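K.L.:
everything below, folded, please.
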Amino acid sequence: MCAQEIVVGFRKPNGQLTTVQSFRTVEIPRLVRGKPGTWDPSICLEWGDRFLTFLQNTVQPSSGREVWRVTFEPKVGVAAAMLTDVEVDGVVNGEERVGFLPWWYWDEVSV
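P.N.:
As a prediction, the model looks like this:
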């Protein structure tokens, strides 16, 4: 797979994966144009704008060392919560990370 492709998994309503197919990203708009119920880039961009605006308005760091958990639940929406120190320790899981951030980055930010 090259960088200009995405892999799409098709599934049954119960979640069972049925097929996997690669698509060239530049061809996707043409593939779905005019077909009812298919991907609409304006809907995706609007959701992305609302999501980023939500994050910008919600995630307000005070010390710069906060770790936030962002969750998405279909038909409910997006939520963001700042983790406590105990929750951050639970995320680390014995790895050299805080969430998805490597410790070196976490330590460098605290300087």
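
K.L.:
what's the average pLDDT for whichever strand or helix holds residue 9?
P.N.:
Remark: residue 9 resides in strand 5-11, with elements defined by DSSP states H and E. Per-residue pLDDT over strand 5-11 has a mean of 89.

K.L.:
let me know how buried residue 78 is, in neighbour terms.
P.N.:
Residues lying near residue 78 (other C-beta atoms under 10 Å) number 14. Every residue, glycine included, has its C-beta placed from N, CA and C.

K.L.:
now it: how far from residue 29?
P.N.:
25 Å (C-beta to C-beta, to the nearest Å).

K.L.:
run a quick neighbour tally on residue 70.
P.N.:
Using other C-beta under 10 Å: residue 70 sits among 13 other residues.

K.L.:
over to residue 87?
P.N.:
13.

K.L.:
returning to that earlier point: pairing partners for whichever helix or strand comes after the strand holding residue 9, with directions?
P.N.:
Under the assignment DSSP H and E, the closest C-terminal helix or strand after strand 5-11 is strand 17-24. Neighbouring strands of strand 17-24 in its sheet, by DSSP bridges, are strand 5-11 (antiparallel).

K.L.:
buried ones in stretch 101-108?
P.N.:
residue 106 (16 or more other C-beta atoms under 10 Å).

K.L.:
biggest helix in this structure by residues?
P.N.:
helix 41-58 (DSSP state H).

K.L.:
neighbouring contacts of that one?
P.N.:
29, 70, 78, 80 (C-beta atoms under 8 Å, 6 or more residues apart in numbering).

K.L.:
related to what we said a few turns ago, ok, and for the strand holding residue 9, which residues are buried?
P.N.:
Within strand 5-11, judged by 16+ other C-beta under 10 Å, no residue is buried.

K.L.:
thinking again about what came up before, state the mean pLDDT of the longest helix of the chain.
P.N.:
91.

K.L.:
next: stretch 73-87.
P.N.:
87.
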